[in-house]
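**Q** sharing a sequence plus its predicted fold:
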Amino acid sequence: MGKFQLPLLASLVLLAIAGARCSDPELTTDFAVPDGVDASKLDGNFFTYTGFRGGVSTAPGETGSKRATVVEFPALDGLGISFFLMYFQPGAVLPPHLHPRGSKLIYMIQGSLTVGFTDNNNKLYNQTLQEGDLFVVPKALVHYMANLDSDKETKVIFSFSSSNPGSIQLPINLFGSNIPSKVLEKSFGVSSRVISQLQSPHKVKGGH
Ligand SMILES: *[C@@H]1O[C@H](CO)[C@@H](O)[C@H](O)[C@H]1NC(C)=O
């Protein structure tokens, strides 16, 4: 191998790794103009999202959320960021789930929050967050949240490193997706009766 080939090869490998880490494709313009829109007509309104006004409504014991991904807020296209507001009533649980395309920052506006994620070695990293705390969940790792320690509503902001982080909710993904019962029985080492119990809440709602 020539004198200059090794550093070149090393930088190409580094570039490939850096490219693979990006969540959203990089823009080659200041911002992305939606198809069919006249860029000269865009103004501050295009970069404003008003959907969070009035906060979030929640039922007793439940969570409620509002989101601004590229779907709700097209100006985020290509910027690699998105934003959620989520409230947890006392006792509310957000079941284990993962976001395949984005890491998540959790910022505590009010109350306390039990949070945890697991890694590839099935190790749990958990915390009880208080008002003002920031917690990060690395991209694509399974995590959960709950308001278990307080009689006060918890309010949090999620900020994602993707304009469309996606969300795979494990309970409905496994039990609301028509995976054959036999496969689930073997996987969990339980009877078909237990599997249909686990499937039933998702059958009522219908998977998505
Ligand atoms: C983390 O989880 C462990 C095991 O469930 C528990 O004993 C511990 O109290 C938790 N820590 C926090 C800070 O919530």
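**A** Cool, the structure landed.
**Q** buried sites along stretch 118-133?
**A** Taking 16 or more other C-beta atoms under 10 Å as the neighbour-count basis, stretch 118-133 is seen to contain the buried residues 118, 129. C-beta: built from backbone N, CA, C; applies to glycine.
**Q** which residues in the protein form helices?
**A** In the chain, the segments counted as helices under DSSP state H are 5-21, 170-175, 181-188, 192-205.
**Q** so which bits of stretch 100-117 are buried?
**A** 101-104, 106, 108, 110-117.
**Q** tell me where the model's unsure across the chain.
**A** Of all residues in the chain, those with pLDDT under 70 make up the ranges 1-23, 204-208.
**Q** who in it is up against the ligand?
**A** 114, 126-128 (C-beta under 6 Å from any ligand atom).
**Q** got the domain ranges for the protein?
**A** For the chain, the domain assignment from automatic domain parsing gives the residue ranges 6-166, 168-208.
**Q** ok, and which of those has the densest surroundings?
**A** The highest mean neighbour count among the domains of the chain, using mean count of other C-beta atoms under 10 Å, belongs to domain 6-166: a mean of 15.
**Q** and that one, how far out from the chain middle?
**A** Using C-alpha atoms, centre = their mean, to the nearest Å, the mean C-alpha position of domain 6-166 is found 5 Å from that of the whole chain.
**Q** how about stretch 166-184?
**A** Its chain's average C-alpha position is 18 Å from that of stretch 166-184, according to C-alpha atoms, centre = their mean.
**Q** how long is it from one end to the other?
**A** Taking C-alpha to C-alpha, to the nearest Å, the span from the opening residue of stretch 166-184 to its closing residue is 24 Å.
**Q** got the contact list for it?
**A** For stretch 166-184, the surrounding residues in contact (C-beta atoms under 8 Å, 6 or more residues apart in numbering) are 95-102, 142, 192, 195-196, 198-199, 201-203, 205-208.
**Q** what's the closest non-adjacent residue to the residue of the chain found nearest the ligand?
**A** Nearest residue of the chain to the ligand (C-beta to the nearest ligand atom) works out as Asn126 at 3.7 Å. Excluding the flanking residues, the one nearest Asn126 by C-beta to C-beta, 6 or more residues apart in numbering is Gly116, at 3.4 Å.
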